[in-house]
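In: got a structure for you, letters missing:
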């Protein structure tokens, strides 16, 4: 199972590196300006440290959710450290989704006017959401032995919800010919897709493990 986790993480990294930035550039631009300009934007984007921080967060969360397990079956001391790690990871990704949804709606309603204060307050808002979702997840999952699998299901549903919101908002700002608002809605779309793909990796592996455990129970006397 651990080997399959490495394979899934590597495949997810390949998808992120190959598709995230090109997709963002194509969505955020008003129109395609030719391959030379597109390749120049790719070069500048891959040289940006902000991109590598975001990709690093997504890859680290993918790997930790795959290899992290919480076991309360022995009924000893509660694994608070493991639960807090799982909760922090799930809250971090859920905060990204929530920020994408709310910012897409805000820019669809107000347009480019929000860029006067968006960057600073968006970071503050995102941090506050992280703390809020951490508290919600901890209170909800603290007595559960299936923390990771339940968080994955929440992330999958949340990413679908974000896409249902961000895509129409992107169409609105496009038709309104806003200058900078498509940058935010494009980010919402791409993060929704990225976290959806992230959720598929652990969910498939855990489903496979559950099936193997069921076979083992049937074969035992």
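Out: That came through, no problem. All values derive from a computational prediction rather than experimental measurement.
In: List the residues that contact the residue nearest the centre of the chain.
Out: For the chain, the residue nearest the mean C-alpha position is residue 195 (3.0 Å; C-alpha atoms, centre = their mean). Contact analysis of residue 195 by C-beta atoms under 8 Å, 6 or more residues apart in numbering lists 58, 93, 96-97, 155, 158-159, 162. For the C-beta atoms, the positions are set from N, CA and C on the backbone; glycine is no exception.
In: what's the pLDDT at it?
Out: In this model, residue 195 is scored at 95, pLDDT.
In: Can you tell me the element it falls in?
Out: helix 181-219 (DSSP states H and E).
In: With residue 4 instead?
Out: Using DSSP H and E, residue 4 falls in helix 2-15.
In: what's that helix packed up against?
Out: helix 49-67, helix 181-219 (3 or more C-beta pairs under 8 Å, 6 or more residues apart in numbering; DSSP states H and E).
In: which other residues reach it?
Out: 59, 62-63, 66-67, 197-198, 201, 204-205, 208.
In: what about 6 Å?
Out: For helix 2-15, contacts defined as C-beta atoms under 6 Å, 6 or more residues apart in numbering pick out 59, 62-63, 66-67, 201.
In: just to revisit the earlier point, and the helices and strands packed on helix 2-15 as a markdown table, adding distance to residue 88?
Out: Below are the helices and strands packed on helix 2-15 laid out as a markdown table (distance: least, C-beta to C-beta, whole Å):
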| stretch | distance to residue 88 |
| --- | --- |
| helix 49-67 | 9 |
| helix 181-219 | 15 |
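In: and among these, the most buried is which?
Out: By mean neighbour count, with neighbours taken as mean count of other C-beta atoms under 10 Å, helix 181-219 ranks first of the helices and strands packed on helix 2-15 at a mean of 18.
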